[in-house]
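Colleague: Here's my sequence, what's the structure:
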Amino acid sequence: MPETTKPGGAPPPPRTRPPLPEGWRPTLLSLRLAKKHPRLSRAVIRWEMRRAPKATGPGDLSDLLAPGRRRPADFPAYYIANPVHHMKGLHWMHPSMGYRLERMAEDFPLGKREQIRWWVESQVLDRGVRPRRILEVGAGTGATAFVYAQVFPEAEVVGVDLSPSVLRWARRRADELGIRNVSFYHMDAGDLSAFDDGSFDVVHESHLLHEMPAYQIRRTVSEMVRVCAPGGFLGFFDWAIPENERDWRQREGMVRNNVEPFMLEYSRTDHPKLLAELGCEDVVMVERHSQSASWRARRKVA
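Modeller: Numbering: from 1, shown residues only. From the prediction side, this is the model:
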C-alpha cells in the first residue's frame, strides 16, 4: 500500500477547514413535522418522490452488476421489512430516491462537498496516502466517491450500494461531472466477495452503518477490513456515539420520529473496540460536529 512521506520532508501544515454550517435545520423541521403530523409528513415525502427526477434501468439490475457477477445481490430481510425515514419496504428502490438522497445529504454538516474534500485531503492526502484503488461502501449518490476520484485522479474508485435507483443516479452524476475514474455496482456491504482480500488501499463508509442491525454492522466492517490492504486506510462518516443523557434522548427521539429502526443498536456499538477486534490499529475519531462524526483507522500489517 503506497503511503509515504517525502524523506526528510516536514509534514504539510494543517489545512484550513471550510466553516462548518450550523446545519440540521431542515432535518429538525422535518422531525418536528413528523412528530406532530406523521401522515402529513409521509404524504409530503410521497408527493416529492412523485415529482422528482427518476433514474431507471432494467428490472433484473443487469446494468449494475460488478464484473464477473451474474446476478445482483440479495436484499437482506432487514432492508425489506423495516420502515426507514417513514417509507415502508423497498423505498430505496424508488426511481426518484437518488435525487432525493442527494438533496438530503446536503443537510448533513459533514456531508457537504467542501467538508468531504477537506476531510479527504487532510486525513488521506496529507498523510502521504497515494492509493491505487479506493472502495466506498454505502456510496449512495456518490458524493464521497466523487471527491476521492477528484483528489486522486490516477486511482480507480469503486462505489457499492444496495439501492438501484441511487446507483443509477450516481452514474448519471458522474457523467455530468465528467468523472471517468469511478464505477458504481449493486452489492451488499456485508458480502464483498466480488473483491479479493487486500484489494483496496482505501476503504470508506458513508452514513451506512446506522441503517443496519448490529450483526450486519459487524459483517460490513469485517468485510471492509478484509478487502483493505495490510497497512491500508479505513474511513468512516456516520452518526456520533452518544456521550451523555441529552444525546441519548435525541437518539430515542430519532427512532420515534424519523423511523430509524437500528439507530439505538448502532449507538450502543463500541466502534473502536470492534475495529481493533477485526484487525485495525490507530483508530482515531477525527471530529465530532452536532450529531455527526468521522473516524479513521489502519489495517494492521501482519
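
Colleague: Run through the helices of the protein in chain order.
Modeller: 25-36, 38-51, 77-81, 97-105, 113-123, 143-151, 164-177, 214-227, 245-257, 263-267, 271-277 (DSSP state H).

Colleague: Residue 186: neighbouring residues, count only.
Modeller: 23 (other CB atoms under 10 Å). Placement of C-beta: from N, CA and C, glycine included.

Colleague: I figured it hits residue 160, correct?
Modeller: Yes. Using CB atoms under 8 Å, residue 186 is in contact with residue 160, at 7.4 Å.

Colleague: what residues do those two have in common as contacts?
Modeller: The contact sets of residue 186 and residue 160 overlap at residue 66 (CB atoms under 8 Å, 6 or more residues apart in numbering).

Colleague: Mind putting the helices of the chain into a markdown table with distance to residue 204 and mean pLDDT?
Modeller: Shown next, in a markdown table, are the helices of the chain (distance: least, CB to CB, whole Å; pLDDT from 0 to 100):
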| stretch | distance to residue 204 | mean pLDDT |
| --- | --- | --- |
| helix 25-36 | 23 | 61 |
| helix 38-51 | 28 | 73 |
| helix 77-81 | 21 | 83 |
| helix 97-105 | 15 | 72 |
| helix 113-123 | 9 | 89 |
| helix 143-151 | 6 | 96 |
| helix 164-177 | 14 | 93 |
| helix 214-227 | 9 | 97 |
| helix 245-257 | 24 | 84 |
| helix 263-267 | 17 | 92 |
| helix 271-277 | 14 | 93 |
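
Colleague: Let me know which of those is tucked in deepest.
Modeller: Mean neighbour count (mean count of other CB atoms under 10 Å) peaks for helix 143-151 among these, with a mean of 24.

Colleague: Can you work out which other helices and strands pack against that helix?
Modeller: With contacts taken as 3 or more CB pairs under 8 Å, 6 or more residues apart in numbering; DSSP states H and E, helix 143-151 sits against helix 113-123, strand 133-137, strand 156-161, helix 164-177, strand 182-186, strand 200-206.

Colleague: Spit out the contact partners of the closest residue to residue 135 other than its chain neighbours.
Modeller: Leaving out its chain neighbours, the residue that sits closest to residue 135 by CB to CB, 6 or more residues apart in numbering is residue 200, at 4.3 Å. By CB under 8 Å, 6+ apart, the contact set of residue 200 is 131, 133, 134, 135, 158, 227, 228, 229, 232.

Colleague: Show me what residue 200 bridges to in the sheet.
Modeller: residue 228 (DSSP bridges).

Colleague: how many neighbours does the closest residue to residue 254 other than its chain neighbours have?
Modeller: Closest residue to residue 254 apart from its sequence neighbours, by CB to CB, 6+ apart: residue 260 at 4.9 Å. Neighbour count of residue 260, defined by other CB under 10 Å: 21.
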